[in-house]
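Visitor: pasting a predicted model and its sequence here:
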Amino acid sequence: MPNTQISIYTQKEQGEQWLRMYRGCLPVFACVLGFTETGLIPGISAAGRTPEDRKYTACADAEFLYYGPEHKAQYPLPPLAAGASPVLISRAVLESLKIPVHLFNAGLPQPPAVPVIDLGGMAAKCLSGGAAMEITTVHHLFKQGLLWGERLAANIQKGYLIVGECVVGGTTTALAILTGLGIDAAGKVNSSHPVCNHAQKWALVQAGLEKINFQSQIQNPKSQIQNSIDPLQLVAAVGDPMQVVVAGMAIAASRSCGVMLAGGTQMLAVYALMSAIAQTYALSWQPEAVVVGTTRWVAEDPTGATVDLALNLGKSSLTESGGTPPLFATHLSFADSRYPQLRAYEQGFVKEGMGAGAACIAAHLSQDWQQHQLLAAIEAQLERLSTALN
């Protein structure tokens with residue numbers, strides 16, 4: 001039966017096969033929370049109106065995802081310049097379909113007020129300094145990712161694992177990782193702004209990459225690619241804590257089940273990182289088990305070039321082992337929503353986050369949900385939130 005609710009933009013045949021394999025299956029949902037001081041730069045992100053608000057975005061989203069709209073939040077959803085948090089979308093689907101949720105703290109400035117698995121990471125410094133994290137922290141987080149990927153996959157009999165994220169400023173660290181891995185990504189990434197702030201992102205990335213000490217090049221006799229940068233060193237220099245956790249999680253889970261990386265630019269960067277790490281450290285993984293799932297607001301963002309970016313992933317010598325992943329997007333539309341906060345998505349605000357696009361894809365796949373069912377469930381969340389706040 002044709003899938004009218006999901007678009008496949010790259011690797012169509014592989015993507016169709018993946019969808020066929022997991023039709024009727026419920027996923028397990030993991031969400032990895034992280035933080036980078038890059039997100040505090042004025043104007044860098046619209047995920048929270050002020051830098052102070054943005055410190056708490058991940059905590060607020062995690063609380064809403066876990067408890068829903070009626071819970072009196074310790075960290076309420078932050079005010080946005082326009083739109084509403086994408087966690088409303090994820091929560092609507094996860095609650096309706098009773099999808100199990102696991103939250104991971106990869107490195108936040110403060111602990112969230114929800115049951116989370118603390119991975120013993122730390123928030124990253126601004127990537128422009130070229131010294132975002134300690135290399136020991138990156139190695140530790142990668143090992144934790146591998147461990148949890150294996151643990152989560154062990155409990156999945158027929159389904160697949162969705163891995164989402166919340167990192168304010170994360171599309172900028174994604175641009176830094178992609179560029180550092182030799183992928184042409186400048187001007188192709190997305191943002192939570194209606195018009196992507198490419199120049200601001202690129203200036204920060206160039207500043208960070210210029211400061212990298214290229215003593216951290218790969219001199220590993222087992223590695224196929226001598227004298228290029230070690231991907232884990234690259235994360236330590238200009239990345240954020242979520243990236244390396246999700247890379248480890250997805251590498252390990254791909255060995256035994258399907259994996260949907262939930263997001264746009266950030267998850268394409270994670271996919272590139274997985275390819276580079278697996279290649280550099282000779283780790284086994286199953287690239288064909290891994291797909292990227294997002295919203296059409298990301299995939300078709302006129303101020304980014306997500307599809308081009310996905311197609312560029314296999315073109316670097318560091319990432320060629322993984323090639324290009326299938327890129328999916330949900331057809332979810334808010335054009336007919338009665339809420340202006342949701343209609344703002346159609347103007348390019350927010351776009352994606354907290355695994356929103358992948359959650360909708362899961363609803364289509366497991367229950368054959370159509371547009372009207374998604375919209376009704378999401379609007380109901382917003383209505384309940386408005387009632388709870390008044």
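Guide: Structure received.

Visitor: quick one: name whatever helix or strand follows the host helix or strand of residue 137.
Guide: Assigned by DSSP states H and E, residue 137 falls within helix 135-154. Per DSSP H and E, helix 135-154 leads on to strand 160-166 as the next helix or strand towards the C-terminus.

Visitor: what angle do helix 135-154 and that next one make with each other?
Guide: Orientation of strand 160-166 against helix 135-154 (axes from the mean of the first three to the mean of the last three CA atoms, to 10 degrees) gives an angle of 140 degrees.

Visitor: helices or strands up against strand 160-166?
Guide: strand 28-34, helix 57-67, helix 135-154, helix 241-254, strand 258-262, helix 356-367 (3 or more CB pairs under 8 Å, 6 or more residues apart in numbering; DSSP states H and E). All C-beta spots, glycine's among them, are computed from the backbone N, C-alpha and C.

Visitor: buried residues, it. List them.
Guide: 160-166 (16 or more other CB atoms under 10 Å).

Visitor: show me what the helix holding residue 137 is packed against.
Guide: Under the contact definition 3+ CB pairs under 8 Å, 6+ apart, helix 135-154 sits against strand 28-34, strand 101-107, strand 160-166, helix 231-238, helix 241-254.

Visitor: centre of the chain to the next helix or strand after the third one, how far?
Guide: In other words, strand 160-166. Counting by DSSP H and E, the next helix or strand C-terminal to strand 160-166 is helix 170-180. Relative to its chain's centre, helix 170-180 lies at 12 Å (CA atoms, centre = their mean, to the nearest Å).

Visitor: now helix 170-180 - C-alpha only, CSV.
Guide: Provided in CSV are the C-alpha atoms of helix 170-180 (Å, rounded to 0.1, in the frame of the first residue of the first chain):
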residue,chain,number,x,y,z
GLY,A,170,22.7,22.3,17.9
THR,A,171,22.5,23.1,14.2
THR,A,172,25.6,25.3,14.6
THR,A,173,27.6,22.5,16.2
ALA,A,174,26.2,20.2,13.5
LEU,A,175,27.6,22.5,10.8
ALA,A,176,31.0,22.5,12.6
ILE,A,177,31.1,18.6,12.7
LEU,A,178,30.0,18.3,9.1
THR,A,179,32.6,20.8,7.9
GLY,A,180,35.3,19.3,10.0
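
Visitor: got phi/psi on the closest residue in space to residue 197 that isn't next to it in sequence?
Guide: Sequence neighbours aside, residue 191 is the residue nearest to residue 197 in space, at 5.9 Å (criterion: CB to CB, 6 or more residues apart in numbering). Geometry field for residue 191 lists phi and psi as phi -150, psi 170, criterion degrees, to the nearest 10.

Visitor: pretty sure residue 191 contacts residue 39?
Guide: No: the criterion here is CB atoms under 8 Å, and residue 191 misses it with residue 39 at 11.5 Å.

Visitor: pLDDT weak spots in the stretch 51-200 of the chain?
Guide: The model of the stretch 51-200 of the chain has no residue with pLDDT under 70.

Visitor: 90 instead?
Guide: Per-residue confidence of the stretch 51-200 of the chain (counting by pLDDT under 90) places the weak regions at 78-82.
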